[in-house]
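> sequence unknown, structure follows:
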């Protein structure tokens, strides 16, 4: 019995789990108010990512492209950036923040994005838009390095580095959420409010679920403001919920401004939510109120109803963003399930030093694989060729055909999820997230029992 951490043992990628770095930077940018990013590359670098985000959140939003063509791909395309900034500022008078997000082609060409930003600040903004508050921020996210996860991490750091400004202490706590859904932000803000903690939640997409109002539709946007970002330097502490999506910014704030910082754990499940609340208490001195003790009790009661009778010993495969996947694996173990296959979709060289991975290797008492640089073929192959038996798959919508073809129940979780209604409204973090996840898992198993007529009578006597 062992938990083996290993890299995918073949070249190439078949049905990738992730997309590339610019996607992560674009996801961060939609969390900022009065912000429209310009992706410096071909239109596909925007169109594909925008489609994924819109499918996932079922909302429309705005993001721009420098739309590099053949000549730009050979001779450079900085003139396209200049034109894009000019057009964007003329078209959208409310826009203040414009990240210029690079891609593989423009990084290979060697376009000097930092240089063109200096030029635009000295010329275009002074001559054509004098007095207008505009911030142009280069964000380097070549697609041939890392993944959308590292792109998110880089963008969070670059936004914070650009704006953070030391003035007077503001008594607030920085909370870097990582790649989450609007429902997760609502759940996190609820926990913070119950503890009466004044926090700056970065990068805030709770209101991305835009209403249709009598006055008409609204375009979705985030709510993190420029003042929020400036104030990160004056916070009493920082919590980055995810190790791989926001840690760079937290570490930079700690080093630059000596701000106490705690990294993780991602508050998925009871024990990680308990740790999150203890970390809040440690940084702010605020006690954990009785109301949250009661919410914890309700969650434990809900899980107890399910674990022994329906969830114990169920064999699970999990794939997606690493912090989410590791948090889900830990939660499955707490539910007495067996996460026998964990797929991490990038080649991050630091997974072997992640204490959560180390703990999994030390504690599991069944055969478990953690595969890095993995793709969805690793899941497909193990099921169809290697004889891996699974009771459940946890992952985003890109793996749905593996579940369908092999008649394995699946709970959609992670990005992108576009084939289930309203998933983005529900949290996976906090006590509310623990209940939602466990009940989604149980209901998926119940449906499978009924469909396959496998002890479905149990549901009559439960």
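Nice, thanks for sending it over. Every value quoted in this text rests on a predicted model; they were computed, and no experiment measured them.

> helix/strand/coil for residue 200?
strand (DSSP: H, G, I helix; E, B strand; the rest coil).

> should've said residue 360
helix.

> and the nearest residue to it once chain neighbours are set aside, how far is that from residue 145?
Distance criterion C-beta to C-beta, 6 or more residues apart in numbering; nearest residue to residue 360, sequence neighbours excluded, is residue 3 at 5.2 Å. Quick note: C-beta positions are derived from backbone N, CA and C, even for glycine. Distance of residue 3 to residue 145, given as C-beta to C-beta, to the nearest Å: 28 Å.

> which of the two has more neighbours?
Here residue 3 and residue 145 are compared on neighbour count by other C-beta atoms under 10 Å; more neighbours surround residue 3, at 22 against 14.

> ok, that one - contacts?
360, 361, 364, 367, 368, 369, 370 (C-beta atoms under 8 Å, 6 or more residues apart in numbering).

> out of those residues, list just those in helices.
360, 361 (DSSP state H).

> any quick ChimeraX command for the buried ones out of the contacts of residue 3?
Buried residues among those (16 or more other C-beta atoms under 10 Å), as a ChimeraX selection:
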select :360,364,368,369,370
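
> pick the one among the contacts of residue 3 closest to residue 140.
Closest approach to residue 140 among the contacts of residue 3 (C-beta to C-beta): residue 370, at 29.6 Å.

> ok, residues contacting the lowest-mean-pLDDT helix or strand in the chain?
Using mean pLDDT, DSSP states H and E, the weakest-scoring helix or strand in the chain turns out to be strand 216-217, at a mean of 74. The contact list for strand 216-217 (C-beta under 8 Å, 6+ apart) reads residue 210.

> 7 Å instead?
Residues outside strand 216-217 that contact it (C-beta atoms under 7 Å, 6 or more residues apart in numbering): none.

> partner strands of it, with direction?
Sheet pairing for strand 216-217, assigned by DSSP bridges, gives strand 212-213 (antiparallel).

> so residue 318, which of the three states?
strand.

> now it: closest residue in space that isn't a chain neighbour?
residue 394 (4.5 Å).

> can you report how many residues neighbour the one you found?
28.

> any chance you could map the helices in the stretch 101-250 of the chain?
104-109, 113-122, 124-127, 148-163, 182-194, 226-231, 247-257 (DSSP state H, counting those that start in this stretch).

> make a markdown table from those helices and add distance to residue 330 to it.
Listed next are the helices of the stretch 101-250 of the chain as a markdown table, based on distance: least, C-beta to C-beta, whole Å:
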| stretch | distance to residue 330 |
| --- | --- |
| helix 104-109 | 34 |
| helix 113-122 | 39 |
| helix 124-127 | 48 |
| helix 148-163 | 18 |
| helix 182-194 | 17 |
| helix 226-231 | 31 |
| helix 247-257 | 18 |
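
> compare those and report which one is nearest to residue 423.
Once the helices of the stretch 101-250 of the chain are compared by C-beta to C-beta, helix 182-194 is nearest, at 8.2 Å.

> which residue packs closest to the residue nearest the centre of the chain, ignoring adjacent ones?
Centroid-nearest residue in the chain: residue 179, 1.6 Å away (criterion: C-alpha atoms, centre = their mean). Spatial nearest neighbour of residue 179, excluding adjacent residues (C-beta to C-beta, 6+ apart): residue 245 at 5.0 Å.

> OK, contacts around that neighbour?
149, 152, 153, 178, 179, 323.

> which one of the contacts of residue 3 is nearest residue 128?
Taking the contacts of residue 3 together and measuring to residue 128 by C-beta to C-beta, the closest member is residue 370, at 53.2 Å.

> what about the closest one, distance to residue 412?
Residue 370 is 21 Å from residue 412, by C-beta to C-beta.

> quick check on the residue nearest to residue 179: phi, psi?
phi -130, psi 80 (degrees, to the nearest 10).

> begin at 137 from here
Noted, 137 is the first residue going forward, which turns the last one into residue 381.

> could you list the low-confidence segments of this structure?
Along the chain, segments meeting pLDDT under 70 span 137.

> can you list the buried residues in the longest helix along it?
In the chain, assigned by DSSP H, the helix with the most residues is helix 566-588. By neighbour count with 16+ other C-beta under 10 Å, helix 566-588 contains the buried residues 566-574, 576-578, 580-582, 584-585.
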